[in-house]
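S.K.: generate a structure from the sequence data that follows.
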Amino acid sequence: MEFSPITQFIVDQNVPAQTMALLLLLPVVATLASFFRQVVGIKAFGIYTPSIITFALLAFDPNGLKYGIAIFASVIVIGMVTRYVLRRFRLLYLPRVAITLSVISFSMLGILVIGGAYHRTGLAGVSIFPLLIMITITEKFVALQLEKGTHAALLLAAETLGISLVGYALISWPSFVLFILAYPWTVLLTIPLNVLLGKWTGLRLTEYVRFLNVLRQK
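M.R.: Predicted coordinates for the structure are as follows:
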């Protein structure tokens, strides 16, 4: 599939095709997260977090899912354990989060060292940026733990990962990426689609499941 004239013009201006593809795919991933929230009823950590985690998983290629999920789970577990340890010290929120981030940073360094020692080159050689993206989840997770409890925080973390995995499957699909580069104007369709999602007034799919017995009685 050939590039569109628009894509070819942008590439001729020394903008890498991969960079252009990622920027065009971001509205698609954000719309996907919006769809899951408004229609399906999966809340996750908003829209921004599952979107950036999707691209972080892509940055872990060629073992994006294998190592990305492992890092995601490690960050959540370490953050949760650290929060329980620090709770007895009665620290203010920001210093507590700073300490948690420090602990996670040292833990990630340890994981990378272990990966290198066992010749897991895909893990040891991972870029710093997807790691930093994963680590930033900690603040949202800790804040939600304080506000709604551990169960709710873990549920939203799982929902966030679920949306990110769907997004990862989409943006790592070569045919879809080539389609976006061939027809970049199609990304503009995400705007009217989000307008429709913003006016959604029907029941979400999860609400249909929750109220199934009530609906059957009507």
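S.K.: buried residues in stretch 170-178?
M.R.: Across stretch 170-178, burial judged by 16 or more other CB atoms under 10 Å covers 171, 172, 177. The C-beta positions use only the backbone N, C-alpha and C, and glycine is treated the same way.
S.K.: what average pLDDT does it get?
M.R.: Here stretch 170-178 scores 92 as its mean pLDDT.
S.K.: over to stretch 206-218?
M.R.: 66.
S.K.: turn the buried residues of stretch 170-178 into CSV, including secondary structure.
M.R.: Shown next, in CSV, are those (DSSP: H, G, I helix; E, B strand; the rest coil):
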residue, secondary structure
171, helix
172, coil
177, helix
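S.K.: in a markdown table, list the residues you listed along with distance to residue 148.
M.R.: Formatted as a markdown table, these follow (distance: CB to CB, whole Å):
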| residue | distance to residue 148 |
| --- | --- |
| 171 | 30 |
| 172 | 32 |
| 177 | 37 |
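S.K.: out of those, which one sits closest to residue 68?
M.R.: residue 172 (11.2 Å; CB to CB).
S.K.: distance of the closest one relative to residue 115?
M.R.: 22 Å (CB to CB, to the nearest Å).
S.K.: for residue 154, same thing?
M.R.: As judged by CB to CB, residue 154 and residue 115 stand 25 Å apart.
S.K.: same thing with residue 38?
M.R.: To residue 115, residue 38 is 39 Å away according to CB to CB.
S.K.: ok, residue 177 next?
M.R.: Separation of residue 177 from residue 115 (CB to CB): 28 Å.
S.K.: cool, residue 152 as well?
M.R.: Taking CB to CB, one finds residue 152 at 32 Å from residue 115.
S.K.: tell me which of the two has more neighbours.
M.R.: A direct count of neighbours by other CB atoms under 10 Å for residue 152 and residue 115 places residue 115 higher, at 18 against 13.
S.K.: can you check the pLDDT for that one?
M.R.: Reported pLDDT at residue 115 in the predicted model: 76.
S.K.: could you point out the longest helix of this structure?
M.R.: Using DSSP state H, we find that the single longest helix of the chain is helix 93-117.
S.K.: could you list the low-pLDDT ranges of the protein?
M.R.: Along the chain, segments meeting pLDDT under 70 span 1-2, 61-64, 120-125, 211-218.
S.K.: what about 80?
M.R.: Applying pLDDT under 80 to the chain flags residues 1-3, 60-65, 115-128, 201-218.
S.K.: residue boundaries of the strands in it?
M.R.: Assigned strands in the chain: none (criterion: DSSP state E).
S.K.: where do the helices sit along it?
M.R.: Taking DSSP H as the test, the helices found in the chain are 5-12, 17-35, 48-59, 64-86, 93-117, 121-124, 128-135, 137-148, 150-171, 174-182, 190-198, 205-210, 212-216.
S.K.: deepest-packed of the ones you listed, please.
M.R.: Sort the helices of the chain by mean neighbour count, taking mean count of other CB atoms under 10 Å, and helix 48-59 sits at the top with a mean of 22.
S.K.: pull the CA atoms of it into PDB?
M.R.: The C-alpha atoms that make up helix 48-59 are tabulated as PDB, following Å, rounded to 0.1, in the frame of the first residue of the first chain:
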ATOM      1  CA  TYR A  48      -4.700   9.300  29.100                       C
ATOM      2  CA  THR A  49      -3.300   6.500  31.200                       C
ATOM      3  CA  PRO A  50      -4.500   3.500  29.100                       C
ATOM      4  CA  SER A  51      -3.400   5.400  26.000                       C
ATOM      5  CA  ILE A  52       0.200   5.900  27.100                       C
ATOM      6  CA  ILE A  53       0.400   2.400  28.400                       C
ATOM      7  CA  THR A  54      -0.700   1.200  25.000                       C
ATOM      8  CA  PHE A  55       2.300   2.900  23.400                       C
ATOM      9  CA  ALA A  56       4.600   1.800  26.200                       C
ATOM     10  CA  LEU A  57       3.700  -1.800  25.400                       C
ATOM     11  CA  LEU A  58       4.500  -1.100  21.800                       C
ATOM     12  CA  ALA A  59       7.900   0.200  22.800                       C
END
